[in-house]
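Trainee: the sequence isn't on hand, but the structure is:
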């Protein structure tokens, strides 16, 4: 009996040892497998990080190339980069980051925007681990389209809002946006004052101010507090600081490119350079511009016309070749709103521009002097196959004069369907107190831009106008409104401008870079 018990004990010990051995082997196997998986994961992370780092280096190197087109003394330009992408961008990047390939995506590119696909592949293997290989691709856009075409209202200096405009779209101000509840106006040559702190500026969009986050984004008058509360809460206003300064627009560079002149030609020598070129030139025999062919040509005014050419007939030839006016140009239309004077041809005015009456534009206009819109109703021409709006680029000041005294604001049909730019350093002022203005497009200025807007509904017959400005002030107070829809200045962004033929969009000397998020490319 005793021997039997000893046998069972021995068997139990052997079974126990066997089980413990199996468990030990399994534990060791699991531990080894876990260690292996950890090492593979570490390698995977290493490959991921290396790939991202390579793309980051390529983007940083590209930024160093692009930044040479900006500043007060740029050493290159958009035209120089775009005309030879291989030597200007592809080869330099390859020498800096050999592991990243750079390809120009022709499908996503045009003459104003170049799309580059950066591709980074990293492959690593440790010991007997499987090879880990990853490929990421990142799309980078280089744009020579002026930044102001993306804004409804803006200034490369400071935007000043006086009163309560109705704005749908983004605003850019290099300096803190200034706001006051007191718009400025004149009546019968007398200065008027009016304050309505209950009528808040309506902005449905983002206000981007080139300031650090800890610095003030606003400067205010009349309001109890100077923060987001000064904006109409129905407008969904996003007030934000931005570190991305708006790339300044080089007017002279864009004009020379448009005229196919050397880009460094001074604006004072453009006329001489054009006269020395091979383009056809002629002098009018009278003050009015008559029918022309579609070739690039320069027209000079007849003697004894105050150096001014007057256009009263349609220019419906859809051509990319500009008509150059060697003097001042007056576009004067007596047509009805339903059948406006139509202009579909690019114009370059080597002087001052005056537009009045009902005109439909589908073109780009450069003027080296001032630009005045004198009670002009400017429409876009959707029937045009090349462009559907007006892009007006003025070297001098921009003056918009409306004479629709205290009429009910037009809230459905724009008065001005255009993007307007002034390259003048002086302040540009827009008045919508007595008059009304409905803009579909944008207004941008190099100098300060001040908008004055009254919010109220006044319909007066001519014989009912007050005799003096003090009586008018009392009438404005009695008819003021806090309703955003009653604003006498309405502006809305028109994104279709970017769908126009890119050759008619102005070319900026400086290049802006837009970077997409890297995307993993699955290996076949």
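Mentor: In hand now; what should we look at? What you see is a predicted model; the values in this text were computed from it and never measured.

Trainee: burial measure for residue 327, as a count.
Mentor: Residue 327 is flanked by 20 other residues according to other CB atoms under 10 Å. C-beta here means a position set from N, CA and C on the backbone, and glycine is covered the same way.

Trainee: who's in contact with it?
Mentor: By CB atoms under 8 Å, 6 or more residues apart in numbering, the contact set of residue 327 is 300-301, 307-309, 350-351.

Trainee: cutoff 6 Å now
Mentor: Residues in contact with residue 327 (CB atoms under 6 Å, 6 or more residues apart in numbering) are 301, 307, 351.

Trainee: buried ones in stretch 309-317?
Mentor: 309-311, 314-315 (16 or more other CB atoms under 10 Å).

Trainee: please pick the buried ones from the contacts of residue 327.
Mentor: Looks like the contacts of residue 327 have 301, 351 buried, using 16+ other CB under 10 Å.

Trainee: circling back to that earlier point, now render the buried residues of stretch 309-317 as a markdown table, adding distance to residue 117.
Mentor: Converted to a markdown table, the buried residues of stretch 309-317 look like this (distance: CB to CB, whole Å):
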| residue | distance to residue 117 |
| --- | --- |
| 309 | 48 |
| 310 | 51 |
| 311 | 46 |
| 314 | 45 |
| 315 | 41 |
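
Trainee: those: which two are farthest apart?
Mentor: Using CB to CB, these reach their maximum pairwise distance at 309 and 314, which is 15.4 Å.

Trainee: beta partners for residue 167?
Mentor: residue 203, residue 491 (DSSP bridges).

Trainee: could you do residue 154 as well?
Mentor: residue 172, residue 444.

Trainee: my read is that it contacts residue 172, right?
Mentor: Yes. Look at residue 154 against residue 172 with CB atoms under 6 Å: they come within range, at 3.8 Å.

Trainee: ok now do the residue lying closest to residue 487 once chain neighbours are set aside, which residues does it touch?
Mentor: Leaving aside its sequence neighbours, residue 487 sits nearest to residue 166 (CB to CB, 6 or more residues apart in numbering; 3.9 Å). Listed by CB under 6 Å, 6+ apart, the contact set of residue 166 reads 202, 484, 487, 490.

Trainee: so the second one touches residue 202, yeah?
Mentor: Yes. If you go by CB under 6 Å, residue 484 and residue 202 touch, sitting 4.1 Å apart.

Trainee: still on that earlier bit, which of the contacts of residue 327 sits closest to residue 84?
Mentor: residue 351 (36.0 Å).

Trainee: surely that closest one is within a strand?
Mentor: No. Judged by DSSP: H, G, I helix; E, B strand; the rest coil, residue 351 forms no part of a strand; its state is coil.

Trainee: which non-adjacent residue is nearest it?
Mentor: Excluding the flanking residues, the one nearest residue 351 by CB to CB, 6+ apart is residue 328, at 4.0 Å.

Trainee: just checking, the one you found touches residue 350?
Mentor: No. Assessed by CB under 6 Å, residue 328 is found out of contact with residue 350, at 8.8 Å.

Trainee: re the thing from before, shared neighbours of residue 484 and residue 202, anything?
Mentor: 166, 232.

Trainee: out of the two, which sits in the busier spot?
Mentor: Counted by other CB under 10 Å, residue 484 and residue 202 do not tie: residue 202 has more neighbours, with 24 against 21.

Trainee: my read: the more buried one touches residue 232, true?
Mentor: Yes. With contact defined as CB under 6 Å, residue 202 reaches residue 232; the gap is 4.2 Å.

Trainee: tell me, how many residues neighbour residue 226?
Mentor: Look at residue 226: counted by other CB under 10 Å, it has 15 neighbours.

Trainee: which SS class is the residue lying closest to residue 263 once chain neighbours are set aside?
Mentor: If the residues on either side of it in the chain are set aside, residue 263 comes closest to residue 256, at 4.8 Å by CB to CB, 6+ apart. With three-state DSSP as the basis, residue 256 sits in helix.

Trainee: what is the burial count for residue 256?
Mentor: Neighbour tally, residue 256, other CB under 10 Å: 22.

Trainee: who does residue 298 bridge with?
Mentor: What pairs with residue 298, by the bridge criterion (DSSP bridges), is residue 281, residue 324.

Trainee: what stretches of the stretch 251-400 of the chain score poorly on pLDDT?
Mentor: 291, 383-387 (pLDDT under 70).

Trainee: would you map the strands across it?
Mentor: For the stretch 251-400 of the chain, the strands defined by DSSP state E, counting those that start in this stretch cover 281-283, 297-300, 308-311, 323-325, 328-332, 341-343, 347-349, 353-361, 363-367, 371-380, 390-394, 398-401.

Trainee: dump the ones you listed to a markdown table, plus distance to residue 270.
Mentor: Formatted as a markdown table, the strands of the stretch 251-400 of the chain follow (distance: least, CB to CB, whole Å):
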| stretch | distance to residue 270 |
| --- | --- |
| strand 281-283 | 14 |
| strand 297-300 | 10 |
| strand 308-311 | 17 |
| strand 323-325 | 9 |
| strand 328-332 | 15 |
| strand 341-343 | 22 |
| strand 347-349 | 9 |
| strand 353-361 | 16 |
| strand 363-367 | 10 |
| strand 371-380 | 17 |
| strand 390-394 | 14 |
| strand 398-401 | 20 |
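
Trainee: quick one: which of those strands is nearest residue 216?
Mentor: strand 398-401 (28.2 Å).

Trainee: elements contacting that closest one?
Mentor: For strand 398-401, the packing partners by 3 or more CB pairs under 6 Å, 6 or more residues apart in numbering; DSSP states H and E come out as strand 371-380.

Trainee: now the strand it packs on: buried residues?
Mentor: 371-373, 376-380.

Trainee: and if you look at stretch 204-218?
Mentor: Neighbour counts over stretch 204-218 (16+ other CB under 10 Å) mark 204-211, 217-218 as buried.

Trainee: what of stretch 326-338?
Mentor: For stretch 326-338, by 16+ other CB under 10 Å, it's 326-333, 335.

Trainee: which other helices and strands does the helix or strand containing residue 473 contact?
Mentor: Per DSSP states H and E, residue 473 falls inside helix 469-478. Here helix 469-478 touches strand 190-192, going by 3+ CB pairs under 6 Å, 6+ apart.
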